[in-house]
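> Structure of the sequence below:
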Amino acid sequence: MKVRIKFSKEGYLKFIGHLDTMRYFQKALRRAGLPVAYSEGFSPHIIMSFASPLGVGVTSSGEYFDVQFTEEVSTDEIERRLNETMVEGIRILCARKVEDGKASKAMSLVEAADYEITFCGEQRPEEWWSEKICSFLAQKEIPVTKKTKRNEKSVDLRPNIHEMRLSNQGIFMRLSAASRNYTKPELVLENFFAYADISPEQYPYQIHRCELYADLAQEENLHRFVPLADLGERIE
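Residues are numbered from 1 along each chain as shown. Below is the predicted model:
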């Protein structure tokens, strides 16, 4: 049985890195007494994979990992037993059974992510930002220079910004999140501030990832984003 688990990561645990998060869930699965499947060989490990690493300092209510069990367990039971082992800051939101196979791996399915940018203290976006966002997105190209471990390359941000608008809390963004075109919300905000002549020092902010999506559209340049949890089913 392959299960996709959605969880939140908030509070002080936003400072815990991806590798430590993986180790935490390996221990949590064992503490919960769930029938996890192990790899074969000299160094067996739990068969699990995470959809997309979360940056240090970023909170989220839409994180996912896939794990395999040796027998079928109800999804309600998985949620209950795991939540009984969770520390403050991490909560299991749902568990869904998914079909096994290479194409169903959460990591390979991720195409987009929602982010909510909130500003610290009493800072709030100005109303005129809304018009600036519209003109920012109306550009045919938003060229930026991305630094990699080996070199620098020029990319166009515009195709990777699916949505950007003011929200009640701050700024909402839906950005490309596949490994081939992963787009950091910090980079988009930095370029928007430069375009709108806004001083970033006046608007310290916090990033919250809301959801991860697969794209089920059959035609190129069209999108039908679906949350990863919706690709599975609840098991009684």
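
> Please enumerate the strands of this structure.
Using DSSP state E, the strands assigned to the chain run over residues 2-9, 48-50, 59-68, 90-98, 112-119, 143-147, 152-156, 161-166, 170-176, 205-215, 225-227.

> how far is the third one from where the chain is centred?
Mean-position distance between strand 59-68 and its chain equals 8 Å (Cα atoms, centre = their mean, to the nearest Å).

> can you check the fourth one too?
Its chain's average C-alpha position is 14 Å from that of strand 90-98, according to Cα atoms, centre = their mean.

> Buried ones in it, by neighbour count?
90-92, 94-98 (16 or more other Cβ atoms under 10 Å). Quick note: C-beta positions are derived from backbone N, CA and C, even for glycine.

> tilt between that strand and strand 2-9?
Interaxial angle of strand 90-98 relative to strand 2-9 (axes from the mean of the first three to the mean of the last three Cα atoms, to 10 degrees): 160 degrees.

> And the third one, by the same measure?
Using the same axes, to 10 degrees, the inter-axis angle of strand 59-68 relative to strand 2-9 is 160 degrees.

> Which elements pack onto strand 59-68?
strand 2-9, strand 48-50, helix 106-109, strand 205-215 (3 or more Cβ pairs under 8 Å, 6 or more residues apart in numbering; DSSP states H and E).

> most distant residue from the middle of the protein?
Largest separation from the mean C-alpha position in the chain: residue 42, at 32.8 Å (Cα atoms, centre = their mean).

> Phi and psi next, for that one.
Phi and psi for residue 42, reported as degrees, to the nearest 10, are phi -80, psi -20.

> Okay, it and residue 30: tell me how far apart.
Distance check for residue 42 against residue 30: by Cβ to Cβ, to the nearest Å, it reads 20 Å.

> got a list of what residue 191 touches?
142, 144, 157 (Cβ atoms under 8 Å, 6 or more residues apart in numbering).

> Out of these, show me where the pLDDT dips lowest.
Lowest pLDDT of the contacts of residue 191: residue 144, 90.

> number of nearby residues for the closest residue to that one other than its chain neighbours?
Leaving aside its sequence neighbours, residue 144 sits nearest to residue 157 (Cβ to Cβ, 6 or more residues apart in numbering; 5.4 Å). By other Cβ atoms under 10 Å, the residues close to residue 157 number 21.

> Against residue 79, how distant is residue 157?
38 Å.

> and if you look at residue 32?
The gap separating residue 32 from residue 79 is 10 Å, by Cβ to Cβ.
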